[in-house]
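Peer 1: give me a 3D structure for the following:
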Amino acid sequence: MRCVLMLLATTICFLSHEGLTSAAEPDFPSSLLGFIKPGMLIGLRTSQADSLVSVEIYDEEQFRIATDARRLKLEELEKKYPSVSEKAAKALATYQSSLEVRRSGNVVRGTSFVFEPSIELDVDRTTTLCTVLHVNGDYFLVTYGDDNSRKQAIAKQAVTRIRWVSDDVRFKTSLRTVSRAE
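Peer 2: Residues are numbered from 1 along each chain as shown. Coordinates of the predicted model:
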């Protein structure tokens, strides 16, 4: 009887442990294309050397910002998306903190210039923004272009990596010459 009770207690502990560990662990797909679902907003970056493809997964806001960044100026983008304005201000503040060091290297002997920090969007135009239409075992079909009329099938074997985009807004900072004092 004691042996039966110990066996029963061990079984209950094992089952409760299995239930806890499987509930806490994420359910990952068994294949690479299992991460890609119809309706996903993605970016495709193709290597020119070997036609291999890197996939970047966007959420809806990131995708809208990436799309708008290709056609809007920074000022327009900042008005439309407050998060972009905040990121631009932070990038400019970081740049301004190192401005004195940068200024000293840009002075021409015998003249002095008045510089002003400048910031602009750094848009990656090598990534094609797409929407996934269909996923099969060995390929996935995407649509892209301004009117989503262009389609492309990507073979599973061509995908080298899948990356979730955490922040696709990047900036270029520089010093702009405002005036020349003689």
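Peer 1: low pLDDT regions in this structure?
Peer 2: Within the chain, the ranges that satisfy pLDDT under 70 run 1-25, 100-115, 168, 176-182.
Peer 1: can you give me the helices in it?
Peer 2: If DSSP state H is used as the criterion, the helices of the chain fall at 2-24, 60-69, 74-80, 82-97, 99-104.
Peer 1: only the buried residues of the third one, if you could.
Peer 2: Think helix 74-80. Burial within helix 74-80, assessed by neighbour count using 16 or more other C-beta atoms under 10 Å, is assigned to 74, 77-78. For glycine as for every other residue, the C-beta is placed from the backbone atoms N, C-alpha and C.
Peer 1: ok, now the fourth one?
Peer 2: Taking 16+ other C-beta under 10 Å as the neighbour-count basis, helix 82-97 is seen to contain the buried residues 84, 87-88, 91, 95.
Peer 1: which strand residues bridge residue 164?
Peer 2: Taking DSSP bridges, one obtains residue 57 as the residues bridged to residue 164.
Peer 1: so it versus residue 40, what's the distance?
Peer 2: The spacing between residue 164 and residue 40, counted by C-beta to C-beta, to the nearest Å, is 11 Å.
Peer 1: give me the common contacts of these two.
Peer 2: Where contact means C-beta atoms under 8 Å, 6 or more residues apart in numbering, the residues bridging residue 164 and residue 40 through contact with each are residue 57.
Peer 1: residues near residue 32, how many?
Peer 2: When neighbours are defined as other C-beta atoms under 10 Å, residue 32 has 14 of them.
Peer 1: residue 157 versus that one, what's the distance?
Peer 2: Counting by C-beta to C-beta, the separation of residue 32 from residue 157 is 9 Å.
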